[in-house]
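>>> sequence first, predicted coordinates after that:
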Amino acid sequence: MEANVYDKGPTPDASPFNKVGNPKPQKPKAPAKGGWAEWLALAGLIALSLIPVIAGAVRLTELTGGAEVTPDNARFFASPLPVMVHIFSASLYALLGAFQFVPGLRRRRPSWHRTAGRLLVVPCGLIAALSGLWMTLFYPWPVGDGVILYGLRLLFGSAMVMSIVLGVAATRVRLEPAPQPASIDRLPVSDASQDVVFVLFAAHEIRDADDRVRFFAEARRALAPGGLVAYVGQPNGHVAPLRRLGGGMVRQRLFGQPVVAFIANVNRDDLLVLKELAESGKVTPVIDRTYPLAETPAALSYLGTTRARGKVVITV
């Protein structure tokens, strides 16, 4: 584990410990606020949305104001309902949908975010796409339009419907609870059923080389085609065996899926955040056994057996 030391001059009261050596209580950090960049992105999306919104408003003014019928707008006067539905739904979808991309708004108003998505954005998006497809298929072709433009309208309209349907389907996915405890050579999931296998601060505890091979082979069994192993671990010496293992897996074609590694750079600020999460109960460590300080050799011997299924704690 790395220790990063920063010298910023004398700070006699900056110690994280009190006079008797116990950690001082830490004030919880305020949640990070969204910067100006996300609101600038929102302004850009709204500016882009205003182009079709204004064009739609002009078209509605023609239809409701008794404008002159021309070859360009005759199809709309002959059947005004589809185009009016399309304009209203597309305008709401474009303007309200832009707010769905603001992270700060999602954090502060999650109920509004979900309600707007379920009741307005998704239905309006589907209605806009389907009404656009209907007009493409059943309205007479405008003068000057050709087969290429006709095909592009069908392509983008269909893609919009498909993307919304797939997005809604993705939000309905629920993770299946593990039916039984996992082990090094048996994950409680069926073959080729997982898109991602997360290895969070665990693989470096598999100290036996043969056990590591069995573990990653088992992860390969559980992964769907094109799946991903995301390894999160400690730096320095703990990673070297995994690097050698990764090279061996590539050479032996043992692992057909990609492995992404996130190596921890442990520092005091991050540890204080973890301390706050643990004290608040939001993060609960898994403890296998506890030993008094006098039995530290026994604790180390137990760790050496590689049978620990959690943290081994020395109590002082």
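Great, that's in hand. Numbering: from 1, shown residues only.

>>> helix, strand or coil for residue 282?
coil (DSSP: H, G, I helix; E, B strand; the rest coil).

>>> quick one: low-confidence ranges for this structure?
For the chain, applying pLDDT under 70 flags the ranges 1-35, 173-182, 201-202, 204, 233-265, 306.

>>> strands of that one, residue ranges please.
Counting by DSSP state E, one finds strands in the chain at the ranges 194-200, 223-233, 259-263, 287-292, 311-315.

>>> now render those as a markdown table, adding mean neighbour count and distance to residue 133.
Bear in mind the C-beta positions are built from the backbone N, C-alpha and C, glycine included. Below are the strands of the chain laid out as a markdown table (neighbours: other CB atoms under 10 Å; distance: least, CB to CB, whole Å):
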| stretch | mean neighbour count | distance to residue 133 |
| --- | --- | --- |
| strand 194-200 | 15 | 31 |
| strand 223-233 | 16 | 31 |
| strand 259-263 | 13 | 39 |
| strand 287-292 | 13 | 58 |
| strand 311-315 | 12 | 57 |
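
>>> nearest to residue 149, of those?
Closest of the strands of the chain to residue 149 is strand 223-233, at 35.1 Å (criterion: CB to CB).

>>> that closest one - contacts with which helices or strands?
In terms of contacts (3 or more CB pairs under 8 Å, 6 or more residues apart in numbering; DSSP states H and E), strand 223-233 is packed against strand 194-200, helix 239-252, strand 259-263.

>>> sheet partners, orientation included, of it?
Strand pairing for strand 223-233, determined by DSSP bridges: strand 194-200 (parallel), strand 259-263 (parallel).

>>> the strands of the chain: which one's closest to residue 153?
strand 223-233 (31.9 Å).

>>> with just CA atoms, put the closest one into PDB.
Taking C-alpha atoms only, strand 223-233 is exported to PDB below (Å, rounded to 0.1, in the frame of the first residue of the first chain):
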ATOM      1  CA  LEU A 223     -18.700 -14.200 -19.100                       C
ATOM      2  CA  ALA A 224     -21.000 -13.700 -22.100                       C
ATOM      3  CA  PRO A 225     -19.300 -13.300 -25.500                       C
ATOM      4  CA  GLY A 226     -17.600  -9.900 -25.500                       C
ATOM      5  CA  GLY A 227     -17.900  -9.700 -21.800                       C
ATOM      6  CA  LEU A 228     -15.400  -7.800 -19.500                       C
ATOM      7  CA  VAL A 229     -13.500  -8.500 -16.400                       C
ATOM      8  CA  ALA A 230     -12.900  -5.300 -14.300                       C
ATOM      9  CA  TYR A 231     -10.200  -5.800 -11.800                       C
ATOM     10  CA  VAL A 232      -9.800  -3.400  -8.900                       C
ATOM     11  CA  GLY A 233      -6.800  -4.000  -6.700                       C
END
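
>>> with that, I have no additional questions.
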